[in-house]
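Student: All I have is the shape, not the residue letters:
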């Protein structure tokens, strides 16, 4: 492998909206309904694709006025992060120290990415990134993988992509990349070694 591409949420940073909403919706079943039916993954994807938070939250709060304050709480993005995933950050530091070219491919609003890059040191180890909120294109579309390939002149067969979401892993493989579904740092370390990287 000549390069490694990492997702961010769930791989480099411990991300979960529940970190915020457990405090706002004490009843677990009610919280899960809210995250499935109101601030749903499909709705959040529109933010990842570049829709402004104010516009999206105003529209959703109008549809669910009884949940208006909870909808607008979605803007509290940093409260959805528990910190860096320590083991992964250590692997990234080793790869970076060995001179392995590292890149990011993430579904994330552009301003959220900018804030996280300033806050979390692990994100400073990367030579470049493709951020869906800047591109208007989401994983696992073929187009976003093509932009990644072309922008950094990557050879997909010599590039390992790491993501915690299976559909994104499948999308990477369909685009010709090697890919590993992240389930934890120890398995990632084994995968990196299997691909010839000394970690």
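Tutor: Now that the structure is in, tell me what you want to look at. A quick note: this is a predicted structure, and the numbers were derived from the prediction, not measured.

Student: domain ranges for the chain?
Tutor: For the chain, the structural domains run 3-14+83-194, 15-80, going by automatic domain parsing.

Student: Pull the distance from the shortest one to the chain's centre.
Tutor: Relative to the mean C-alpha coordinate of its chain, domain 15-80 is positioned 17 Å out (C-alpha atoms, centre = their mean, to the nearest Å).

Student: what number of residues lie near residue 139?
Tutor: 23 (other C-beta atoms under 10 Å). From N, CA and C alone the C-beta is placed, and that goes for glycine too.

Student: now it: how far from residue 159?
Tutor: 15 Å (C-beta to C-beta, to the nearest Å).

Student: ok, now residue 80?
Tutor: If you go by C-beta to C-beta, the gap between residue 80 and residue 159 works out to 29 Å.

Student: which one is residue 92 nearest to, not counting chain neighbours?
Tutor: residue 125 (5.2 Å; C-beta to C-beta, 6 or more residues apart in numbering).

Student: List the contacts of the one you found.
Tutor: 92, 93, 95, 96, 102 (C-beta atoms under 8 Å, 6 or more residues apart in numbering).

Student: try it again with 6 Å
Tutor: 92, 96, 102 (C-beta atoms under 6 Å, 6 or more residues apart in numbering).

Student: One more: residue 168?
Tutor: Contacts of residue 168 by C-beta under 6 Å, 6+ apart are 139, 140.

Student: For it, report the pLDDT, please.
Tutor: Looking at residue 168, its pLDDT is 98.

Student: for it, helix, strand, or coil?
Tutor: helix (DSSP: H, G, I helix; E, B strand; the rest coil).

Student: Strands along the chain, start to end?
Tutor: Remark: strands assigned in the chain by DSSP state E are 3-6, 13-15, 81-84, 102-106, 128-131, 159-163, 178-181.

Student: how about JSON lines for the ones you listed, with mean pLDDT, mean neighbour count and distance to residue 22 added?
Tutor: Formatted as JSON lines, the strands of the chain follow (pLDDT from 0 to 100; neighbours: other C-beta atoms under 10 Å; distance: least, C-beta to C-beta, whole Å):
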{"stretch": "strand 3-6", "mean pLDDT": "98", "mean neighbour count": "25", "distance to residue 22": "27"}
{"stretch": "strand 13-15", "mean pLDDT": "98", "mean neighbour count": "19", "distance to residue 22": "14"}
{"stretch": "strand 81-84", "mean pLDDT": "97", "mean neighbour count": "15", "distance to residue 22": "12"}
{"stretch": "strand 102-106", "mean pLDDT": "98", "mean neighbour count": "22", "distance to residue 22": "24"}
{"stretch": "strand 128-131", "mean pLDDT": "98", "mean neighbour count": "19", "distance to residue 22": "28"}
{"stretch": "strand 159-163", "mean pLDDT": "98", "mean neighbour count": "25", "distance to residue 22": "25"}
{"stretch": "strand 178-181", "mean pLDDT": "98", "mean neighbour count": "20", "distance to residue 22": "26"}
